[in-house]
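In: Fold the following and give me the result.
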Amino acid sequence: MMACKIELEICATSSPDEFTTRVISAPSGGEPSAVARLDVDGLLRDRDALETTVLASAVAGRKTISGHEQQLRQMGRLLFDALFSGPVLGTYRASAGVAQQRGEPLRVVLRLTAPRLAALPWEALFDPETGTYICRREPLVRHVPAPYPEPLKVTPPLRVLGLVASPRGMPVLDVAAEQDHLAQALATPIAEGLIQIEWLAQATWEAVQEKLLSGRWHVLHFVGHGDYDPASDQGVIALVGEGGRVNLVGAEQLADLLNEARPTPPLVVLNSCSSGQEGTQDLFSGTAAALVHSGISAVAAMQFTVSDPAAIAFARGFYTAIAHGRGVDDATRSGRISVLGAPGTLEWVTPVLYVRGENTQLFHLLERSPGSTASRALPKKTTPASRPDNASPGPGRGTAHTGAEDEDSGGYSVSPTGHTTADPDVVTGQTTQPTSEQQGQIPQQEQSSHEARRIRKSRLLIPILAAAGVLTVVGAVLLTKFLVGSSSTHPLPPFVRGPDSSLNPTCDQGYSQSGISGWASHAGRGTEATSCTLTQNVLNAYWIAGPPSKDPRTVSARGSVDCTTRPGASCDPTNVANFLMQCAGDGSNPWIKCAGGENAVVYLW
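Out: Now for the predicted structure:
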């Protein structure tokens, strides 16, 4: 457990804009408190705009502080000044100094006792004196008061149950791509035998229950759609229901489902939108907080909508740190740093970590004995094809599919190389390996012959690779000309000019995607019923979904009004305020047409 931490309790007072911060514990000693003022309602109103800003940054490549980051930094400074005021700030500075002398990070633990305060994005805390965001330098944890178990003893690999849910009527998820992305992100720890993933695609309630009952899992990783339902004041995730339709599962239902496992997985990762968002009436209404309150040791979730690249980057940094024995708080910070690698992105602020009790070291990883690193294949998985003795195994998804029996990993583990070898404790009989003396008895003439063949192959490979590169470039040029053509000869879409009918702003010049140029990087209104707000958000949502294409694509975007106020409009079931817009190439015209809402049209060109 990390020794250096400062734990702060933030409590509401009788005044809606006033609260008390109290230091529970700190390396520097003392338990000071301070009263601060904060316009919580105003910050909550700005939260949706901040989410749009953070998500839009996923497709922008910036080298300087943008207007988007200034908005995030301003909110972060307001939160910092309110949290660390008076003597509490002095204790924080002194504790940071103690941690620096010890050569340790200072873990910042927040006890948020009021629902309205828990709904704020505290991960944006910005220290104006050091010019840094706290969560990027130090682990930041949201504490849920509850008893906590000792770290689970695990002989690697960590067994991860991956759930993917892409029900009908919602933005389509490429299930195979989701699995492949996570496998690529975790290729190194999988190849080293540290992590093992088993997937349940198109997860239904029944299938998830059966899977939880059938094995022992250390981590549950959910990829899908999630939201916060203001009507019921609780978080929801979307599983696949009857006929492939949406089955919205509330946080309390999900907690009961996960408790079917024995033991309950200590760690849950929710790579779904708004899975970390809190309500303003119930302190444990959000999906992540409700799971931790129900008994899960820690939950990493997303407080905003998250782009695919950011979700994949977070998983890579997070799981790699866990596999190397880091605490879940350190691993969350590692995930943020992985997200930070994309130029200009602000999505490192999106992940949220909830921890039950005091312990952030969920797993105690045991050393694997040399004779028990691999034995038999995991059920319903295939073993890698046999290789010549001189072939080197490469990292990949196949290396996660072999394993050896071990009491803490549910009966299976993975060899570092991915090969299946016999374990005398499990398999009857013995296997023989060539001795070092036998390995050294290779004739010199045969070695020379091998070397000559290797040189001839390498010389032949160079022109083949060169030819492949030329063909790739030529193909890309032809494809670009086919899709885009010459911008100077293409007409513009039939835009509508003047103020829109709702907020009356004028966006006659349209919008452009920051940091992006070329086809479909601009947007304009196509009908009088289309608002400027919807036009800009459709452009952002389209690029977040992926590069432009004439193929059909569904995007979810917020307009100037709530979608539910427009009868007949197609609303996003996971975020009912958003409109679902159907985008595709507009016949032979050189633009993309997005239609939806109540006669709303957005053109991308």
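
In: Quick one: classify residue 345 as helix, strand or coil.
Out: Following DSSP: H, G, I helix; E, B strand; the rest coil, we place residue 345 in the coil state.

In: wait, isn't it in contact with residue 57?
Out: Yes: using CB atoms under 8 Å, residue 345 is in contact with residue 57, at 5.1 Å. The way it works is simple: take the backbone N, C-alpha and C, and place the C-beta from them, glycine included.

In: Now do the closest residue to residue 132 other than its chain neighbours, the pLDDT please.
Out: Nearest non-adjacent residue to residue 132, counting by CB to CB, 6 or more residues apart in numbering: residue 126, 7.4 Å away. Here, the pLDDT recorded for residue 126 equals 96.

In: And residue 260, by the same measure?
Out: What the model reports as pLDDT for residue 260 is 92.

In: repeat for residue 575
Out: The predicted local confidence for residue 575 is 76.

In: Which parts of the stretch 201-350 of the chain are helices?
Out: For the stretch 201-350 of the chain, the helices defined by DSSP state H, counting those that start in this stretch cover 205-214, 251-258, 287-294, 308-323, 328-340.

In: Pick the most deeply packed of these.
Out: helix 287-294 (a mean of 27; mean count of other CB atoms under 10 Å).

In: Pull the distance from that helix to the chain's centre.
Out: Remark: helix 287-294 is offset 18 Å from the chain centroid, using CA atoms, centre = their mean, to the nearest Å.

In: residues making contact with it?
Out: With CB atoms under 8 Å, 6 or more residues apart in numbering as the test, helix 287-294 has contacts from 118, 142, 144, 146, 226, 234-237, 251-252, 254-256, 258-259, 268, 270, 275-276, 278, 283-284, 298-301, 352, 354-356.

In: Number of residues surrounding the residue nearest to residue 132?
Out: Neighbourhood size, residue 126 [other CB atoms under 10 Å]: 21.

In: got the phi/psi numbers for it?
Out: Taking degrees, to the nearest 10, you get phi -120, psi 120 for the backbone angles of residue 126.

In: in the sheet, who's paired with it?
Out: Beta-bridge partners for residue 126, by DSSP bridges, are residue 133.

In: Touching, it and residue 71? I think so.
Out: No: using CB under 8 Å, residue 126 is not in contact with residue 71; the gap is 11.5 Å.

In: where do the strands sit along the stretch 451-600 of the chain?
Out: 511-512, 522-525, 553-558, 571-572, 575-585, 592-596, 600-604 (DSSP state E, counting those that start in this stretch).

In: Return the list of helices and strands in contact with the second one.
Out: It stands for strand 522-525. The contact analysis (3 or more CB pairs under 8 Å, 6 or more residues apart in numbering; DSSP states H and E) places strand 522-525 against strand 511-512, helix 532-545, strand 600-604.

In: same check, this time on the first one
Out: Other helices and strands packing on strand 511-512, by 3+ CB pairs under 8 Å, 6+ apart, are strand 522-525, helix 532-545.

In: Name all residues that make contact with the residue nearest to residue 132.
Out: Going by CB under 8 Å, 6+ apart, residue 126 touches 72, 73, 76, 77, 79, 80, 132, 133, 134.

In: Now the helix or strand hosting residue 95: buried residues?
Out: For residue 95, the host element (DSSP states H and E) is helix 87-102. For helix 87-102, burial by neighbour count (16 or more other CB atoms under 10 Å) applies to 88, 89, 91, 92, 94, 95, 96, 98, 99.

In: Tell me who's in contact with the last one.
Out: What it means is residue 99. Neighbouring residues of residue 99 by CB under 8 Å, 6+ apart: 4, 27, 105, 106.

In: Poorly predicted segments of the stretch 101-250 of the chain, please.
Out: 146-149, 174-175, 177, 232-233 (pLDDT under 70).

In: again, 80 this time
Out: In the predicted model of the stretch 101-250 of the chain, residues 145-152, 171-182, 184-185, 227-234 satisfy pLDDT under 80.

In: if I look at residue 496, how far off is residue 588?
Out: Going from residue 496 to residue 588 by CB to CB, to the nearest Å gives 22 Å.

In: between these two, who's got more neighbours?
Out: Counting neighbours by other CB under 10 Å for residue 496 and for residue 588 shows that residue 496 has the greater number, 18 against 5.

In: what are the bridge partners for the closest residue to the more buried one other than its chain neighbours, then?
Out: In this structure, residue 496 finds its nearest non-sequential neighbour in residue 525, 4.7 Å apart by CB to CB, 6+ apart. For residue 525, the beta-bridge partners are residue 602 (DSSP bridges).

In: Count the residues that sit near residue 525.
Out: 25.

In: before we move on, back to that, out of the helices and strands packed on strand 522-525, nearest to residue 214?
Out: Residue 214 sits nearest to helix 532-545 of all these, at 34.7 Å, using CB to CB.

In: So which elements touch that closest one?
Out: Using 3+ CB pairs under 8 Å, 6+ apart: helix 532-545 touches helix 40-56, strand 511-512, strand 522-525, strand 553-558, strand 575-585, strand 592-596, strand 600-604.

In: if you average pLDDT over stretch 271-287, what comes out?
Out: The model assigns stretch 271-287 a mean pLDDT of 58.

In: Start and end of that stretch, how far apart?
Out: 12 Å (CA to CA, to the nearest Å).

In: same thing with stretch 595-605?
Out: 15 Å.

In: Run the chain-centre distance for it.
Out: 29 Å.

In: and that stretch, which residues are buried?
Out: 595, 596, 597, 598, 600, 601, 602, 603, 604, 605.

In: quick one: the third one from residue 571, how far?
Out: Computed with CB to CB, the distance linking residue 597 and residue 571 is 9 Å.

In: anything in contact with each of the two?
Out: 563, 579.

In: was I right about residue 344 contacting residue 56?
Out: No: Residue 344 sits out of contact with residue 56 when judged by CB under 8 Å, with a separation of 10.1 Å.

In: Looking at the two, which is more packed in?
Out: residue 56 (23 against 17).

In: Not counting its neighbours along the chain, what's nearest that one?
Out: Spatial nearest neighbour of residue 56, excluding adjacent residues (CB to CB, 6+ apart): residue 540 at 4.6 Å.

In: Next: residue 161.
Out: residue 217 (4.5 Å).

In: shouldn't that neighbour be in contact with residue 162?
Out: No: the pair residue 217 / residue 162 is not scored as a contact, 10.1 Å apart, by CB under 8 Å.

In: who has more neighbours, these two?
Out: Comparing residue 217 with residue 162 by other CB under 10 Å, the one with more neighbours is residue 217, at 24 against 21.

In: Provide a list of residues in contact with the more buried one.
Out: Taking CB under 8 Å, 6+ apart as the criterion, residue 217 is in contact with 159, 160, 161, 261, 265, 410.

In: among the helices and strands of the chain, which one scores worst on average pLDDT?
Out: The helix or strand of the chain with the poorest confidence is strand 376-377; it has a mean of 30 (mean pLDDT, DSSP states H and E).

In: Many thanks, I have nothing further to ask.
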